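K.L.:
got a structure for you, letters missing:
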Ligand code: FES
Ligand code: FES
């Protein structure tokens, strides 16, 4: 959502008041930024987030962006409540590098904890400031004033509105983060499901998408991607293409080739012609989707022990298992798109990037421009689920726009480019070993994981942009790091939440790549939870214990226990009746070890003759702390279950010496309407407790619950996704 | 220069008759409803109705539908006056996540309801099976279509 505020839009208050800072003392007692809630720390001024604008509007400025997760509706709910205005008065600007706080990347289930907390606190601060102004204006005690939808009324009936009170700089004061919050009972919006603010436009075809931008004079660009990652352009005779009617320019810079045309279909035909004319040097590469796990184990890795609690219990029998995950695509339905224009000395880029600030900075480095001269604006794109091609399309658009100053250029990737060139979620290998005593109880737990990077986002560095690798003066991919504290990236959720007598966890991080990879919903958490929760199930069966009861032996966290038990109850775990071919399974995790608690349970049917798995129903219980939008949270959990079922049942990027083979929806199928099971989600709301972040919480538990249910139904343990009918059949026959 | 009848009005579009209908609708007529998703007839994002039948506009040439009635999402209703299907997708139970797929889903559902006003849940799922949604909002969309089918 990107509505450009204009200077004219900022109201001049009737009878401008110059307000002394002594009117609202708390605002002046500036708390050290470190004490402020969420992202208020990085933008500690009230006016960085809120503006009182003409026409009875309030503008909320946020750095987090809408990616289909409903975040703008949730922060609007928080803001409207604390500021005491009707939600319809809010105009939101999000993700504009010149206008909003730099809240970093919209990812990692951080938006509610960081942006939501900040917006709630700053809106409460603003209300106090306005009350202070009103007290002076109305000659009343601030404590006696009442607010309702932007109107402040004194006991004597005199009133004044926010729009009459604010003339200019009144909100340009430090936030305290300590203003009193509305009691839950007085909230109109937070805690209730309200219709999402972006939906009416989306169902009626009003312009809302990046694809809907059509600035005056816009041209259409396409880029000729090489046949493989490391290919180099040897020769290209672009003469015929350049002469084609409607082609404005062929842009060539080293091995980067793009075309700009008047019409989209002309650009597509031109790039096809260029593909036929181009000669490439393609270095041989031997890894395939089938060899990548052995390749990883053979690499020299950075090994870090992220947890080491030695066991005091006597060693028992040793049980081991190895799990694997393939590369997964984000596979957005709308291919990556961007619009860029070189306007004087400023490059303006509109993009659906999750990291508009850092991507703009990376593009500045690539273009050799000053950071301040690249103006990035977020505009919504198709759901992305992590670092997909959005940022690379923005870089493509900027490179082409530079060649036609003053003319906006739109890039829209083809479906093939989107499938083949986006950075995937890394393949992984997880090795588990447990020592168990005579009763089958765990006495020691050892977990080793191997992975390539889950984080090659632009991060302000040109080398992370796809196009930059192919330029005449190329930018090299920075050596990836496994970012963050333990349990954060490749090793996200690698430390089991269970309290075993001993636990040792080692991350084996590989800095090379067999295929391009970066952040995909949940990073390592999907695979780590899949492995841990599958292995717990194996150990439970070995101990002849009920898998739910077995988990509860080791799970001491009360909130976790409640969530696990709730999901089991929702499925009817206790009274579940076995019928032939059917099974049930459960999976649980606390996302990142510190965000939402989530458990998924499901019932499946396995057809022994075809190997086909049918998920009959899935249920999930979730504790994400205080819930602002119940439907928003449920939607995320439900969507995560469907996507994770799709990953686990069907998906895996195929590639070989000739490049990526998963080039479209036929060669990379995803779950369809008729394959999606009925899903029920229940929330364990914790009013007053911190927002935990929930958007990625159900990915891991779902994969494990599925594997466990298949074992229960058919007696085969599937340790490597996807569970295709062929794989299930092979397992049944072995 | 094909002449297209879209949402009840006739337009001469500047592109060639061989160009995809989707580009004529989006780029020339500046309609936002139909989306580019794959260009390969695999996802349904580009769906429009041609004489009431769902058609994938990414693989249909503009010239092929001259003279026929083309309906896009915009033709069903407006922000101020949405159709009953559009309304059913706007409730407090969000019927989507990102909503990029929603054009195809609503138009496919419209074709279904025109033919079968009271479909079963299974019939809705089957009708929508050729429309891909990556956000995992399928069940919500099915419920929205069923909600619309219950409205008068
Ligand atoms: S864009 Fe037409 S079917 Fe995908
Ligand atoms: S709601 Fe995002 S693709 Fe369907």
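P.N.:
That came in fine, so what should we check first? Keep in mind the model is a prediction, meaning the values are calculated, not measured. Ligands and ions are numbered 1, 2, ... in the order given.
K.L.:
Please count neighbours and contacts with C-alpha atoms only from this point.
P.N.:
Fine.
K.L.:
Is the residue nearest the centre of chain B in a helix, a strand, or coil?
P.N.:
In chain B, the residue lying closest to the centroid (CA atoms, centre = their mean) is residue B:107, at 3.2 Å. Per DSSP: H, G, I helix; E, B strand; the rest coil, the secondary structure class of residue B:107 is helix.
K.L.:
how is chain B carved up into domains?
P.N.:
The record's domain parsing of chain B by automatic domain parsing lists B:3-75, B:84-150.
K.L.:
Show the model's pLDDT score for residue 112.
P.N.:
Picked chain A for this. Residue A:112 carries a pLDDT value of 89.
K.L.:
sorry, should have said chain B
P.N.:
For residue B:112, the predicted pLDDT is 98.
K.L.:
got it, and residue A:286?
P.N.:
85.
K.L.:
show me what contacts it?
P.N.:
A:656, A:657 (CA atoms under 8 Å, 6 or more residues apart in numbering or on different chains).
K.L.:
So which of the domains of chain B is nearest residue A:557?
P.N.:
domain B:84-150 (30.1 Å; CA to CA).
K.L.:
distance between the closest one and the chain's centre?
P.N.:
Remark: domain B:84-150 is offset 11 Å from the chain centroid, using CA atoms, centre = their mean, to the nearest Å.
K.L.:
for stretch A:241-256, same thing?
P.N.:
36 Å.
K.L.:
Check stretch B:39-59 too.
P.N.:
Its chain's C-alpha centre and that of stretch B:39-59 lie 7 Å apart, by CA atoms, centre = their mean.
K.L.:
what's the straight distance from one end of it to the other?
P.N.:
7 Å (CA to CA, to the nearest Å).
K.L.:
in a strand, that's where residue B:39 is, yeah?
P.N.:
No - counting by three-state DSSP, residue B:39 falls outside a strand, being coil.
K.L.:
What separation do you get for it and ligand 1?
P.N.:
Going from residue B:39 to ligand 1 by CA to the nearest ligand atom, to the nearest Å gives 4 Å.
K.L.:
now residue A:195
P.N.:
Distance from residue A:195 to ligand 1, by CA to the nearest ligand atom: 28 Å.
K.L.:
Also residue B:108?
P.N.:
12 Å.
K.L.:
residue ranges for the helices of chain B, please.
P.N.:
B:21-23, B:73-76, B:84-88, B:102-115, B:121-127, B:138-150 (DSSP state H).
K.L.:
Contact partners for the residue nearest to the centre of chain B?
P.N.:
Applying CA under 8 Å, 6+ apart, the residues near residue B:107 are B:47, B:48, B:49, B:54, B:72, B:73.
K.L.:
cutoff 10 Å now
P.N.:
B:33-34, B:44-49, B:52-55, B:71-73, B:76, B:85-86, B:113, B:128 (CA atoms under 10 Å, 6 or more residues apart in numbering or on different chains).
K.L.:
Same question for residue A:626.
P.N.:
Contacts of residue A:626 (CA under 10 Å, 6+ apart): A:190-191, A:683-693.
K.L.:
for the domains of chain B, which one sits closest to residue A:114?
P.N.:
domain B:84-150 (21.2 Å).
K.L.:
Tell me where the stretch 251-400 of chain A has helices.
P.N.:
Taking DSSP state H, counting those that start in this stretch to define them, one finds helices in the stretch 251-400 of chain A at A:264-277, A:292-298, A:356-367, A:390-402.
K.L.:
looking at these, which is buried most?
P.N.:
helix A:390-402 (a mean of 29; mean count of other CA atoms under 10 Å in any protein chain shown).
K.L.:
so residue A:712 sits right up against residue A:581, yeah?
P.N.:
Yes - in this structure residue A:712 lies within contact range of residue A:581 using CA atoms under 10 Å: 8.9 Å.
K.L.:
got any residues that touch both of these two?
P.N.:
A:604, A:605, A:606.
K.L.:
which residue packs closest to the last one, ignoring adjacent ones?
P.N.:
Using CA to CA, 6 or more residues apart in numbering or on different chains and skipping residues adjacent in sequence, the residue nearest residue A:606 is residue A:613, 4.7 Å away.
K.L.:
Ok, residue A:45 next?
P.N.:
That would be residue A:174: by CA to CA, 6+ apart, it lies 4.3 Å from residue A:45.
K.L.:
for chain A, what are the low-confidence residue spans?
P.N.:
Scanning chain A for pLDDT under 70 picks out the ranges A:1-34.
K.L.:
That concludes my questions; thank you for your assistance.
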